[in-house]
Structures are given as structure tokens and as C-alpha cells.
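Below: sequence and its predicted model.
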Amino acid sequence: YFIPQLIDIWQKEGRAKDFIRYDKLEAFRNFTGIRIEDNIVITAEGCSVLGTPITKNPEEIEAMRAAG
């Protein structure tokens, strides 16, 4: 996730400037992120996904996002 307020503070302080390209980061400033997670139950006997597993395929995810 990108937090614009934190980006501004770190850039002003020069924090991590050897690792963060603030000029490139600007393009992602308003990207809030997405989470792609399955719910999994783990027991002594093993584990299983609860419900229908979520696709991890980028093209399928983009198609779902576009569909609304």
C-alpha cells in the first residue's frame, strides 16, 4: 500500500533515498492496493481452503476488476 502522507514525510526527511526513487513513486501515489487472499483452516490433520479459492492469475484478476 502507498500512503501519500508517509511518502511526503519520508521524502522531506530524505529517508531511504538510496532505496526509494521518489520521482518514480509519484506515479503510484494514489494507488491504494488490493489484497488477494484465501481463508485457510489449519488443523492437526492438515489444511484446506474455506470457500472457493481466489485466482492468482493477473489477467483474471484484471478481468474481475473491470467487470466491477
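That came through fine.

need the contact list for G33.
Taking Cβ atoms under 8 Å, 6 or more residues apart in numbering, we find G33 in contact with 1-2. Using the backbone N, CA and C atoms, a C-beta is placed for each residue, glycine as well.

So it, which state does it fall into?
Three-state call for G33 (DSSP: H, G, I helix; E, B strand; the rest coil): coil.

Repeat that for the one 4 residues further on.
State at E37, reduced to three classes by three-state DSSP: coil.

My read is that it contacts I54, right?
Yes - E37 is within contact range of I54, at 7.0 Å (criterion: Cβ atoms under 8 Å).

Who has more neighbours out of these two?
Between E37 and I54, counted using other Cβ atoms under 10 Å, I54 has the larger neighbour count: 15 against 7.

ok, that one to A44 distance?
Applying Cβ to Cβ, to the nearest Å, the value for I54 to A44 is 26 Å.

Okay, strands next: where are they in this protein?
When assigned using DSSP state E, the strands of the chain occupy the ranges 39-43, 46-50.

what's the last one packed up against?
In this structure, strand 46-50 makes packing contacts with strand 39-43, judged by 3 or more Cβ pairs under 8 Å, 6 or more residues apart in numbering; DSSP states H and E.

quick one: strands adjacent to the strand it packs on?
strand 46-50 (antiparallel) (DSSP bridges).

pLDDT averaged over the partner strand, what's the number?
Per-residue pLDDT over strand 46-50 has a mean of 95.

C-alpha coordinates for it, CSV please?
C-alpha atoms of strand 46-50 as CSV (Å, rounded to 0.1, in the frame of the first residue of the first chain):
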residue,chain,number,x,y,z
GLY,A,46,-4.0,-30.9,7.6
CYS,A,47,-5.3,-27.8,5.9
SER,A,48,-7.9,-26.7,3.4
VAL,A,49,-9.2,-23.5,1.7
LEU,A,50,-12.5,-22.3,3.0
